[in-house]
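Student: only the shape, not the letters, is given here:
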């Protein structure tokens, strides 16, 4: 158990509304990631964090922002949700806290977001 | 840029037969390679990884994978399939010089084991 909790697990919202997804970890790991999973696309990296207040963009960052004000929480925000952001969102952490370590990622259970 | 290709959307295998799920990769340096499995409505679970050393890597649930540098492949294998192996499988790659920006995943392969 990697101690990752995502909330909410399911959310339905309307186009144009803001949405925040939360990822909480209990093991004080430095590196955290947000991915989205879509059929035919696999998992694509949205944003990642390498420490408190240290974040960077991934492959599909447009329309998303993140914040990390404390080690245990990594928030993903959709400022104005669109139907194209309907997806399953996964948070992940890396157990090997080194930027060049080959550590695998450990994933949360996912947050299913539907934008109507 | 690094990338992963899983050429088969779906693989069907009879229970008890050997299975192979294919993966090829592209990365600038020596790759770190991973396989994950996903059951319905769950997160991804780590199966195995190749970092260096022996080209045949053994992992969880009886799975293994063979790293082939000349063919830039990392195929997942199991000698005898179980119905419970039915799931979605992802191959992933990391460029060890790529910093903290996670893994790059393939699009996934649905493995269906028929009784």
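Tutor: Thanks, I have it. Fair warning: this is a prediction, and the values are worked out from it, not measured in the lab.
Student: wait, is residue B:84 part of a helix?
Tutor: Yes: the assignment for residue B:84 (DSSP: H, G, I helix; E, B strand; the rest coil) places it in a helix.
Student: show me what the residue nearest to it when sequence neighbours are not counted is bridged to.
Tutor: Ranked by Cβ to Cβ, 6 or more residues apart in numbering or on different chains and with sequence neighbours excluded, the top spatial neighbour of residue B:84 is residue B:113, at 7.7 Å. Placement of C-beta: from N, CA and C, glycine included. With DSSP bridges applied, the residues forming beta bridges to residue B:113 are residue B:13.
Student: wait, residue B:113 sits on residue B:80?
Tutor: No: at 10.2 Å, residue B:113 and residue B:80 do not qualify as touching, with contact defined as Cβ atoms under 8 Å.
Student: which one's more surrounded, these two?
Tutor: Shown here are residue B:113 and residue B:80; by other Cβ atoms under 10 Å in any protein chain shown, residue B:113 has more neighbours (20 against 12).
Student: against chain A, how distant is that one?
Tutor: 21 Å (Cβ to the nearest Cβ, to the nearest Å).
Student: can you pull the pLDDT of that residue?
Tutor: Per-residue confidence (pLDDT) for residue B:113: 97.
Student: show me what contacts it?
Tutor: Each residue near residue B:113 by Cβ atoms under 8 Å, 6 or more residues apart in numbering or on different chains is listed here: B:13, B:14, B:15, B:19, B:81, B:82, B:83, B:84, B:85, B:86.
Student: can you tell me how far the residue nearest to residue A:18 when sequence neighbours are not counted is from residue A:32?
Tutor: Distances taken as Cβ to Cβ, 6+ apart place residue A:79 nearest to residue A:18, at 5.7 Å, with adjacent residues excluded. Residue A:79 sits 20 Å away from residue A:32, taking Cβ to Cβ, to the nearest Å as the criterion.
Student: tell me which of those two has more neighbours.
Tutor: residue A:32 (28 against 12).
Student: ok, that one touching residue A:23?
Tutor: Yes: counting by Cβ under 8 Å, residue A:32 touches residue A:23, with 6.4 Å between them.
Student: low-confidence stretches in chain B?
Tutor: For chain B, residues meeting the criterion pLDDT under 70 lie at B:97-100.
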